[in-house]
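[1] Next input, structure requested:
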Amino acid sequence: MEIVGYAAAILIGLVLGLLGGGGSILSIPILVYLFHVDAVLASAYSLFIVGATSLVGAIPKYKDHLINIRTGFLFGIPSIIAIFSTRRWIVPAISDVLWQGDAVVITKRFLLLGMFAVLMVLASISMIRGRQEIQNDRDKFRTFLVILEGTLIGFLTGLVGAGGGFLIIPALVLLTGLSFKTAVGTSLFIIAINSLTGFLGDVLNYAMDWPFLLLLTGLAVLGVLAGNRLSRHVRSEKLRTAFGWFVLAMGCWILFHEIVLR
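    Numbering: from 1, shown residues only. Prediction:
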């Protein structure tokens, strides 16, 4: 299974390069189900893998003028504060067993993976529907919404250990009117900042297996470089729809695994 996991690490980068998000959708299940890493530590590893890979992937997007720096910082700064605080203090404070009854036990693992999956399913809906994109990104109220959304997504992605692209991209498209491909590039920029900042909180709390982590990250970087090249030849509408269905399928699979198979 580990060989499959290493091959799948390349797919993490490929998805990030093509879709600007979804890396954590693959990395967390790969770490938990293929490498049998504890769910909390897997969320920490995921932040580093996705963050470092997104940083590499954002460079060619910037050269192609597909990153909106202003929106990236407007969204990213409140998100950074929220994600670091969540990883540093909130996640370590959650007990391993949250509730135990006669037949049902709710664990920290179930909470994190369950929330992760539910967020994925909800985020997929707007992308599959293909709602009309907003054309004006100068509205003051919309700016407030972007800041609020950044804070909320920072908290949620910090809680579940996700890069957040599956939440960030719909927010950018629907709130700021960015085209999907520009939202992809801007998302990579935001994910890199958010994930690596969140990971700093984890370094203070957990011992890291750096050789293993760097190997997976290196494979994911190869994938993101390939994904960036492929994305230039695919229409935005097709990428958006594919992204939505991909997120929906993975979210349903994680819910099924955690509720039915465990």
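
[2] got the phi/psi numbers for residue 97?
    For residue 97, the backbone dihedrals (degrees, to the nearest 10) come out as phi -120, psi 110.

[3] Go ahead and confirm it touches residue 105.
    Yes - look at residue 97 against residue 105 with CB atoms under 8 Å: they come within range, at 6.4 Å. Bear in mind the C-beta positions are built from the backbone N, C-alpha and C, glycine included.

[4] for this protein, what are the low-confidence residue spans?
    1, 126, 130-141, 161-163, 236, 262 (pLDDT under 70).

[5] Helices along that one, start to end?
    2-19, 23-29, 39-63, 69-85, 91-93, 108-129, 140-160, 165-176, 180-203, 210-231, 236-256 (DSSP state H).

[6] Need the winner for burial among the ones you listed.
    Stretch with highest mean neighbour count among these: helix 23-29 (a mean of 29; mean count of other CB atoms under 10 Å).

[7] circling back to that earlier point, could I get the helices of the chain as TSV with distance to residue 101?
    Conversion of these to TSV gives the following (distance: least, CB to CB, whole Å):
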stretch	distance to residue 101
helix 2-19	34
helix 23-29	27
helix 39-63	21
helix 69-85	32
helix 91-93	23
helix 108-129	13
helix 140-160	24
helix 165-176	32
helix 180-203	31
helix 210-231	37
helix 236-256	20
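
[8] so what's residue 166 up against?
    Contacts of residue 166 were listed using CB atoms under 8 Å, 6 or more residues apart in numbering, and they are 21-22, 24-25, 119-120, 123-124, 243, 247.

[9] Without its sequence neighbours, what residue ends up closest to residue 160?
    residue 116 (4.0 Å; CB to CB, 6 or more residues apart in numbering).

[10] That neighbour and residue 82: what is the separation?
    Separation of residue 116 from residue 82 (CB to CB, to the nearest Å): 16 Å.

[11] do residue 212 as well
    28 Å.

[12] go on, residue 31?
    For residue 31, the distance to residue 82 - CB to CB - is 23 Å.

[13] and if you look at residue 113?
    Distance from residue 113 to residue 82, by CB to CB: 20 Å.

[14] And for residue 48?
    Counting by CB to CB, the gap from residue 48 to residue 82 is 18 Å.
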